[in-house]
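# what's the 3D shape of this:
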Amino acid sequence: MKQTFALPLIALLLLAPAGCARRGGTAASAAPSASPSASSSGARRYPFRGIVRSVDPAKKEVTVAHEAVPGLMDAMTMSFPVRDDPQVFEILHPGDRVEARLIVDRGNYWLEEILTKGFVPTPTPGSSPVAAVVTPEPNRGVAVGDQIPDFALTDQTGHTVRFSQLRGQPVAVTFLYTRCPIATACPLTATKFAKLDAMLKEKGFGRLVTITVDPEHDTPKVLADYAKHLGAEPGRWKFLTGDPKEVAKVATSFGMIYYPDQGQIVHAQAAAVVDPSGRLASIYYGQMWEPEHLLRDLEKARKG
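Residues are numbered from 1 along each chain as shown. Sure thing, here's the model as predicted:
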């Protein structure tokens, strides 16, 4: 399919006349050797939207089922070179909705300024962008060394999970929501947890828990799709949802705060480790943590 679509596009790019002058975009990462290292003054730029089908970091390409690009081509699925920070390949996953800038220059084409719009399943007819959100109580988080209050939520398989059922193993916990549009927020957190999941699989111990802050939208079915998209195994990595009031209570225990704002959910970012007895062993706020940090804390908590 790549060859079927890519060759006509290349022919189109070679024949199309040069258009508007350069506006902004720069090349941040290496492109195919046949392409120039930067766009020329005659480069044309088009808004680009679609859904990621596959990601190839080695080739620095992403395959996208994209919408029609007005003035250039119809909607189709094809691969595009990417010129962005190389970390973009760690954030993008099949199923992600993206917006970007398609650059056409001297017979070459590529994507840059890629912005993930979250893993967004087909919306339910009549659903609102963000339903009513129950906000957690501020400044009520459990201190390191204290017991996390037990709770019961529903996982991606539709089963009720009590947090106390996970005792006996150290657990890493984080919060996100599936339609988060900020690449450096939930998508990055999910990517880091996916790396940690692979580490724990190799080590043969530990559990992961991801709790949605958008429980009205993130049903077990939505979370199951999201978990599959990340390659999560339900036995080791639980994605939890439930009654908004119950979710807010859990978030309160971890010192999380979130609230709706202009169609999105503004929320703190946190990653915590709970020891095998259910006590908070460590917690990081923001994105100043790496999977290796949590693995170290999980191993320490495991040994007691």
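
# now Pro70: closest residue in space that isn't a chain neighbour?
Tyr46 (7.4 Å; CB to CB, 6 or more residues apart in numbering). (Each C-beta comes from the backbone N, C-alpha and C, glycine too.)

# pretty sure the one you found belongs to a strand, no?
Yes. Secondary structure of Tyr46 (DSSP: H, G, I helix; E, B strand; the rest coil): part of a strand.

# Val104 versus that one, what's the distance?
Separation of Tyr46 from Val104 (CB to CB, to the nearest Å): 7 Å.

# for Ser40, same thing?
Taking CB to CB as the criterion, Ser40 is separated from Val104 by 11 Å.

# these two: which has the busier surroundings?
Higher neighbour count among Ser40 and Val104: Val104, with 22 against 12, using other CB atoms under 10 Å.

# what about that one, which SS state?
Here Val104 is recorded as strand under three-state DSSP.

# so it sits against Leu72, correct?
Yes. Applying CB atoms under 8 Å as the test, Val104 and Leu72 come out as touching, 7.0 Å apart.

# for Thr212, see how far away the most centrally placed residue in the chain is.
For the chain, the residue nearest the mean C-alpha position is Pro187 (1.9 Å; CA atoms, centre = their mean). Using CB to CB, Pro187 is found at 14 Å from Thr212.

# how is the protein divided into domains?
Domain assignment for the chain, taken from automatic domain parsing, gives 2-119, 152-303.

# for Lys249, give me phi and psi.
Recorded main-chain torsions at Lys249 are phi -60, psi -40, according to degrees, to the nearest 10.

# which residues sit in contact with it?
With contact taken as CB atoms under 8 Å, 6 or more residues apart in numbering, Lys249 is in contact with 136, 149, 151.

# among those, who's most crowded?
Of all these, Pro136 has the most neighbours under the rule other CB under 10 Å, reaching 24 neighbours.

# doesn't it fall inside a strand?
No. Under the criterion used here (three-state DSSP), Pro136 is coil, not part of a strand.

# report pLDDT for it.
Looking at Pro136, its pLDDT stands at 86.

# in contact with it: list those residues for me.
When contacts are counted by CB under 8 Å, 6+ apart, Pro136 is found next to 248-249, 251-252, 256-258.

# just Pro220 next, same as before
154-158, 241.

# buried set for the longest helix seen in the chain?
The single longest helix within the chain, with elements called by DSSP state H, is helix 186-203. The neighbour-count check on helix 186-203 (16 or more other CB atoms under 10 Å) flags 186-197, 200 as buried.

# related to what we said a few turns ago, and which of the contacts of Pro220 is nearest Glu216?
Taking CB to CB as the measure, Thr241 is the one of the contacts of Pro220 closest to Glu216, at 9.0 Å.

# any idea how far apart the tips of stretch 165-176 sit?
22 Å (CA to CA, to the nearest Å).

# nope, stretch 60-78 is what I was after
Counting by CA to CA, you get 14 Å between the two ends of stretch 60-78.

# report the buried residues of that stretch.
60-64, 66, 69, 72-73, 76-78.

# likewise for stretch 202-216?
By neighbour count with 16+ other CB under 10 Å, stretch 202-216 contains the buried residues 206-216.

# out of the residues you listed, which one sits closest to Val171?
Arg207 (4.5 Å).

# name the nearest residue to the closest one, ignoring sequence neighbours.
With sequence-adjacent residues excluded and distances taken as CB to CB, 6+ apart, Arg207 is closest to Val171, at 4.5 Å.

# so what's the residue count around that neighbour?
Taking other CB under 10 Å as the criterion, the count of residues near Val171 is 23.

# could you report the pLDDT at it?
The predicted structure scores Val171 at 98 on the pLDDT scale.

# identify the bridge partners of it.
According to DSSP bridges, Arg207, Val274 are recorded as the beta-bridge partners of Val171.

# of the domains of the chain, which shows the lowest average pLDDT?
domain 2-119 (a mean of 70).

# among the domains of the chain, which is the most enclosed?
Taking mean count of other CB atoms under 10 Å as the contact definition, the stretch among the domains of the chain with the greatest mean neighbour count is domain 152-303, which reaches a mean of 19.

# that concludes my questions; thank you for your assistance.
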